Each structure stands twice: as structure tokens, then as C-alpha cells.
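*Asks:* when you get a sec, could you give me coordinates for this:
(one chain, ligands or ions: 1)
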Amino acid sequence: MIDAEREKLKQLERKNGKDDSDEKKSMIGVMLSLQKTEPDVYTDTFISALVANLLGTGTETTSTTMEWTMALLLNHRNALKKAQEEIDLNVGGGRLLDKNDLPHLPYLHCIITETLRLYPAAPMLLPHEASTDCKIHGYDVPGGSMVLVNAHAIHRDPATWEDPEEFRPERFEHGGAEGKFMMPFGMGRRKCPGENLAMRTMGLVLWVLLQCFDWSRIGDGEVDMATATGPIMFKAVPLEALCKPRANMSTILKKI
Ligand code: HEM
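*Replies:* This next block holds a predicted model:
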């Protein structure tokens with residue numbers, strides 16, 4: 001991957017005489033450019049470790065959240081219908097929705113936020129370490145201790161959330177949950193740097209799936225919402241669903 005990007009940069013340089021052209025570079029491309037001025041920092045090992053780290057932390061968290069979202073929608077048909085109505089009203093069936101539509105689809109944003117509240121992909125965040133002796137909620141914590149944050153429990157705290165176990169995206173509408181504490185991406189200096197990317201990716205993928213297809217469960221029963229144990233909150237039973245192209249999207253779907 002690094003060699004391919006290096007070759008691309010070389011070709012760009014040959015074309016433009018320098019490598020700072022207007023053409024957009026990938027993240028690897030940017031780091032390879034920095035390698036020229038700071039070779040000790042941006043070594044090939046550093047670049048591949050960073051890319052592996054981003055892929056490792058960014059893919060399963062995002063895909064599992066999308067799986068939970070679809071599972072929740074299949075068990076809550078009213079929310080699914082309302083989401084499709086929002087898409088039909090704001091985007092219609094004449095084109096595929098794109099990233100510029102996301103700000104105009106607030107209910108869909110509430111659905112993802114509510115999914116992250118109920119099923120935070122990293123329910124205990126990542127392990128942190130107290131750098132010095134400190135007190136947390138009145139408890140003495142010696143420096144060097146591992147500190148785990150139970151975001152899953154915080155998100156379902158009945159003292160904060162009304163009917164915390166219920167999937168109710170409406171609780172986030174019109175700033176309805178303002179001041180209520182949730183942290184699916186952690187917080188502070190080590191907060192997830194991929195939050196914006198994840199929200200945009202999940203929004204685009206899920207809403208195109210809802211725009212183009214009608215979805216239904218397999219069989220009469222509800223989708224099984226059991227969780228597997230582990231650092232990432234996977235579904236214990238992988239989601240299976242049926243989809244059917246929506247009539248108003250047939251022209252677009254035929255062109256893809
Ligand atoms: C729904 C999707 C995602 C969720 C729920 C999520 C959640 C989290 C959480 C809870 C942490 C630990 C924060 C803490 O301990 O305070 C974290 C760290 C991290 N995430 Fe994400 N993440 C997601 C997507 C992504 C994506 C798309 C990327 C990058 C492409 C990414 C890159 C990282 C990295 C590099 C860290 C470590 C940060 C550090 O240690 O300083 N994540 N993420």
C-alpha cells in the first residue's frame with residue numbers, strides 16, 4: 001500500500017514538477033510527503049502501524065454499529081417508516097442521497113445516536129491509566145491503576161434517561177437530550193479521532209440502504225438483540241434480513 005502511494009506521488013511529481021499540487025492526497029500520501037522533511041518520525045514502519053491501527057479501530061466499531069442500527073429498525077417499524085419518509089421528503093427518488101443531504105436528515109441522526117446510546121461499540125471504552133494518585137467519585141485511585149469506564153451502564157442509567165432500555169430516537173429530537181451525558185466515542189485527550197468519519201460513513205451507508213430498499217425481518221419473530229461478550233459489543237447472532245428494491249428508486253438502481 002505504501003509503495004503504491006509512493007509510486008503515485010512520484011508520478012504526480014513528474015507531472016507537476018513538485019509534490020504539493022492541488023490534487024487530493026490520501027492520508028498515506030500526506031505522511032509520505034512529510035517523510036521528506038521529517039524522515040526520523042514518518043518512517044515506513046510508523047506509517048504502516050498507524051494505518052493498521054486506524055483500520056483495526058475504525059472498521060469493526062463502525063460496521064457493528066450499523067448492524068445494531070438495522071436490527072433496531074427492523075424491530076421498530078415505525079422508526080424505519082419515519083426514516084424513509086424523511087429521506088423521501090428531503091431527497092426523493094430521483095437520485096442517490098449523498099453527504100450534502102446528511103445535515104437535512106435530523107431524524108436519521110437521532111437514530112444513530114440512540115443506537116450508540118444503547119449499543120456503544122466499545123462499551124468499556126479503552127483502558128486508561130491514572131497518571132497520578134487521584135479521587136474518582138470519592139474513591140482513592142493510586143497512580144498507575146487501570147481505569148475502565150462503563151459507558152454501557154452510563155448510557156442506560158435510569159437517573160438520567162427515561163425508559164433507558166427503550167429504543168426511542170425521538171428523545172434526541174429538537175435538542176431533547178441536551179445536557180444528558182453519553183460518551184460512545186469516549187472523551188478528553190484520548191477521545192476517538194474517528195468520530196466524524198464514523199458518523200458520516202454510517203449515515204451515508206445506512207441511509208442509502210433505506211432510500212433504495214424496503215427491509216423486513218426473516219420469519220415472524222423479533223430480531224435477536226443478544227450481545228456477545230468482549231471489548232467490542234458485537235451482536236451474538238449476526239443479523240439477517242430481507243430487502244426489496246423500492247419502486248421509486250427503480251430507475252436509479254438500474255443505472256448502478
Ligand atoms: C461507531 C464507530 C466508532 C466508535 C463507537 C468508536 C469508539 C471509540 C472509543 C470509545 C475509543 C476510546 C476512547 C477512550 O477510551 O476515551 C476509540 C478510540 C479510537 N478510535 Fe474510535 N470509534 C469508532 C470509529 C472509529 C474510526 C472510523 C476510526 C478511524 C478510522 C477510529 C479510530 C480510533 C483510534 C485511533 C482510537 C485511539 C485513540 C487514542 O488512543 O488516542 N475510531 N474509539
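*Asks:* hey, let's count contacts and neighbours off CA atoms from now on
*Replies:* Will do.
*Asks:* could you confirm whether the lengthiest helix in the chain reaches the ligand?
*Replies:* For the chain, the helix with the greatest residue count under DSSP state H is helix 44-75. Yes: using Cα under 6 Å from any ligand atom, we find that helix 44-75 touches the ligand at L54, T57, G58, T61, T62, T65.
*Asks:* adding pLDDT and neighbour count, write the residues you listed out as CSV.
*Replies:* Shown next, in CSV, are these (pLDDT from 0 to 100; neighbours: other Cα atoms under 10 Å):
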residue, pLDDT, neighbour count
L54, 87, 13
T57, 86, 14
G58, 90, 17
T61, 96, 17
T62, 97, 18
T65, 98, 22
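*Asks:* tell me the phi and psi of the residue nearest the centre of the chain?
*Replies:* Compute the mean C-alpha point of the chain, and by Cα atoms, centre = their mean the closest residue is A198, 3.2 Å away. Phi and psi for A198, reported as degrees, to the nearest 10, are phi -60, psi -50.
*Asks:* would you agree it is in contact with T62?
*Replies:* Yes: with contacts counted by Cα atoms under 8 Å, A198 reaches T62, the gap being 6.1 Å.
*Asks:* re earlier: the longest helix of the chain - contacts with which helices or strands?
*Replies:* For helix 44-75, the packing partners by 3 or more Cα pairs under 8 Å, 6 or more residues apart in numbering; DSSP states H and E come out as helix 27-37, helix 77-90, helix 106-118, helix 195-212, strand 213-217.
*Asks:* and the stretch 1-150 of the chain, which residues reach the ligand?
*Replies:* Checking the stretch 1-150 of the chain against the ligand by Cα under 6 Å from any ligand atom, the hits are L54, T57, G58, T61, T62, T65, P120, A121, A122, L125, L126.
*Asks:* can you pick out the most distant pair from the residues you listed?
*Replies:* Taking Cα to Cα as the measure, those span a maximum distance of 18.2 Å, between L54 and P120.
*Asks:* great, nothing more from me.
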